[in-house]
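Student: sequence below, structure please.
(chains A and B)
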Amino acid sequence: MRTCISDLVGLALAALVTACAPAPDVARANADCAACHTDHAARFATSSHARASESALFTALRARADAPTAAFCDRCHAPHEAPDERGVGCVTCHQAAGARGLSNGRLVPGDPSVVYGRGASTVRTIAHEIRASGFVTGGELCGTCHEVDGPGALVETPFTEWSQGPARALAVTCIDCHMGRSPGRADGFETAPATPTSPAHRRSDHGFVGPDHADAPALLGQSAVMTLDAPVEADGALVFALTITNRNPGHALPSGARFAREVWVEVTARDATGATHTVSGGTDAAGAPRDPETRIELGDRIAYHDEVRVPWRASVLAVQALAPGASRTWRVNVPDRWNGAPTVSVTARLLYRRNDARLRASLGIPLTARDGAPAVLATATRDAP
Amino acid sequence: MRPLHRLYALPLSLSLLVPATASAQSVTEAPRVGWMPSSRVSVGSRLVLRVGPYTLGGVGGQVAVRLGERVTVDLFTDHMVGTRDGALRHDHEVGTMLRVNLTPGSRWAVAPMVGACANLAVLHAAQSPDVTVSDIQFGARAGLGVDYALPHGISLGGEALALAYLGHALTGWAYRAESSPDLSVTGAGQVTLHANLHF
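Tutor: Take a look at the predicted model:
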């Protein structure tokens, strides 16, 4: 009997030790990696990962979060406790052994003396051991943070979009499009040495071009196609069929932090005098929409429960994003005359702001030069009959 | 993973040694037949095979206390291990059973039994054993046991049980191990073979 009790106590303690053991310290700092992997480090510095804990939107939102919510955010935006390890770093991914779920940052750190990476087997270099890991090279590592399910409108589904879309069926992985030589396209990788003294091999671009990167407009622009069909005249208006197609096989349009994305269509008409009139999608000087209820939008329709727009105290009323490969058509009514001058042409522009102007204003984040003017993802023009 | 195994080794070994040690102390006594009124307590070790979401096999120990002519209460602990798609799972259980002997006075004891248990389940990802999840599950069990009394206060027996557990489902992949956020009931079947020494 005593043996059974000691047996159970021993087993319970052993299990508790295993389950509750703290994550190992970050054995290698990003600076250590950068000492040899200079090219990777320089490119990584341009990435959104490097600024994950410093972006204006993140810091503004985190300042309004209670302790549990802040801890939830930090799982992905500031996963390391060391004060000199800000944001996501080299070790975040290259010391990840696996995950306790494909969402919400449930990453499990592995052996801190090992670098997990690409390859067919374990390799020992002069600096460290490289352990081949399908977790790091597959999509699951990315999905650990690029999939968020709550609370409130804090919903992100890039991994689900990929795993349920055509890209996965085509065996196109996250790395192929986001770390290849051509952002957004799976057309191979550069070849270059990993360090100044090592032989050339496949080079993965650690800039991670995505919807928050400075190159995002080009990336998204190659995904979006917009058309305007010939109009039909009806009751003093020209009715155009406007169609947007998301050619991206991997992600919805928009993707990522959809609560923050602002994707909408601006429709303008030119009359016979040469004057241009905004039909829909106009904005004021601060960038806020003039017709928020009627303009064509692809961002989530969200009901915020507070005056300050924090996504975890909000509800998603409708997801309007275009799924990978999907198309959607709207009817656009344009007056056939403007003060007597007939409409001669109509232009539609698909516009993108990574951070919604209303969200930024609500949080007191000033519009920067980069965020002030929306990026044009697609344009379509059609002459009136 | 490796430290865990080392920690398990000592208590598991001790639990298996108990019946062996006790047996050595009783060899000078006259041969006995099981189910004698004086044999109120027995200690044993057991082999377990469980079939459910994971197929697990293992060893355990038990203490049985006879409360009357027909009624016996067992306290047991089982430790099982198994894999599915390469993901290693090990369960560590403690529980109690109430059995009612339908054939008192015979060398054969046929006893329906019911009981309850608490189970610590631990799952490791297949390619990355450092990635673990665990859950404590509570279960109910019922079935039928058969024992046969041998000389020297030894009995051999077996049980066939149906189990139901309330807990979080654990699932393992190559680099992931997940615990379902929702509570659910899972079923399993179990066969146990045991040898007991009666005092």
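Student: surely B:Val48 and B:Gln190 touch.
Tutor: Yes. With contact defined as Cβ atoms under 8 Å, B:Val48 reaches B:Gln190; the gap is 6.4 Å. Just so you know, the C-beta spots here come from the backbone N, C-alpha and C atoms, and that holds for glycine as well.
Student: neighbour count: these two, which is higher?
Tutor: Of the pair B:Val48 and B:Gln190, B:Val48 is the one with more neighbours under other Cβ atoms under 10 Å in any protein chain shown, namely 22 against 19.
Student: how near is the more buried one to B:Leu150?
Tutor: From B:Val48 across to B:Leu150, the span is 21 Å (Cβ to Cβ, to the nearest Å).
Student: ditto for B:Val71
Tutor: B:Val71 is 22 Å from B:Leu150, by Cβ to Cβ.
Student: what do you get for A:Cys142?
Tutor: In terms of Cβ to Cβ, A:Cys142 sits 62 Å off from B:Leu150.
Student: pLDDT below threshold where in chain B?
Tutor: B:1-38 (pLDDT under 70).
Student: in chain B, which spans are helices?
Tutor: Assignment of helices within chain B using DSSP state H yields the ranges B:2-25.
Student: longest strand in it, please.
Tutor: In chain B, with assignment by DSSP state E, the single longest strand is strand B:177-198.
Student: within the sheet, what are the partner strands of that one, with directions?
Tutor: strand B:41-51 (antiparallel), strand B:154-172 (antiparallel) (DSSP bridges).
Student: export the last one as PDB, just CAs?
Tutor: The one in question is strand B:154-172. The C-alpha coordinates for strand B:154-172 follow below in PDB (Å, rounded to 0.1, in the frame of the first residue of the first chain):
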ATOM      1  CA  ILE B 154      -1.700 -17.200  -4.300                       C
ATOM      2  CA  SER B 155      -4.500 -16.400  -6.800                       C
ATOM      3  CA  LEU B 156      -4.500 -15.700 -10.500                       C
ATOM      4  CA  GLY B 157      -7.200 -13.800 -12.200                       C
ATOM      5  CA  GLY B 158      -8.400 -11.600 -14.900                       C
ATOM      6  CA  GLU B 159     -10.900  -8.800 -15.600                       C
ATOM      7  CA  ALA B 160     -12.700  -7.500 -18.600                       C
ATOM      8  CA  LEU B 161     -13.800  -3.900 -18.200                       C
ATOM      9  CA  ALA B 162     -15.600  -1.200 -20.000                       C
ATOM     10  CA  LEU B 163     -14.300   2.300 -19.200                       C
ATOM     11  CA  ALA B 164     -15.700   5.800 -19.700                       C
ATOM     12  CA  TYR B 165     -13.500   8.900 -19.000                       C
ATOM     13  CA  LEU B 166     -14.400  12.500 -18.700                       C
ATOM     14  CA  GLY B 167     -11.600  14.700 -19.800                       C
ATOM     15  CA  HIS B 168      -9.900  16.600 -22.600                       C
ATOM     16  CA  ALA B 169      -9.100  14.500 -25.700                       C
ATOM     17  CA  LEU B 170      -5.400  14.400 -26.500                       C
ATOM     18  CA  THR B 171      -4.200  14.200 -30.100                       C
ATOM     19  CA  GLY B 172      -0.600  14.000 -31.400                       C
END
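Student: report the buried residues of that strand.
Tutor: Neighbour counts over strand B:154-172 (16 or more other Cβ atoms under 10 Å in any protein chain shown) mark B:154-155, B:157, B:159, B:161, B:163, B:165, B:167-172 as buried.
Student: beta partners of the residue nearest the centre of chain B?
Tutor: Nearest to the geometric centre of chain B sits B:Asp78, at 3.7 Å (Cα atoms, centre = their mean). According to DSSP bridges, the residues that bridge with B:Asp78 are B:Gly60, B:Glu93.
Student: can you pull the contacts of it?
Tutor: Neighbouring residues of B:Asp78 by Cβ atoms under 8 Å, 6 or more residues apart in numbering or on different chains: B:Arg46, B:Val48, B:Gly58, B:Val59, B:Gly60, B:Asp91, B:His92, B:Glu93, B:Thr192.
Student: which single one of the residues you listed is nearest to chain A?
Tutor: Using Cβ to the nearest Cβ, B:His92 comes nearest to chain A of the contacts of B:Asp78, at 4.7 Å.
Student: how much space between the closest one and B:Val114?
Tutor: In this view, B:His92 and B:Val114 are 22 Å apart by Cβ to Cβ.
Student: okay, those two: which has more neighbours?
Tutor: Higher neighbour count among B:His92 and B:Val114: B:His92, with 27 against 14, using other Cβ under 10 Å.
Student: how about the residues of the stretch 101-250 of chain A by chain B?
Tutor: A:Gly101, A:Leu102, A:Val108, A:Gly110, A:Asp111, A:Ser133, A:Gly134, A:Phe135, A:Glu140 (Cβ under 8 Å from any Cβ of the partner chain).
Student: how about a cut-off of 6 Å?
Tutor: A:Gly101, A:Val108, A:Gly110, A:Phe135 (Cβ under 6 Å from any Cβ of the partner chain).
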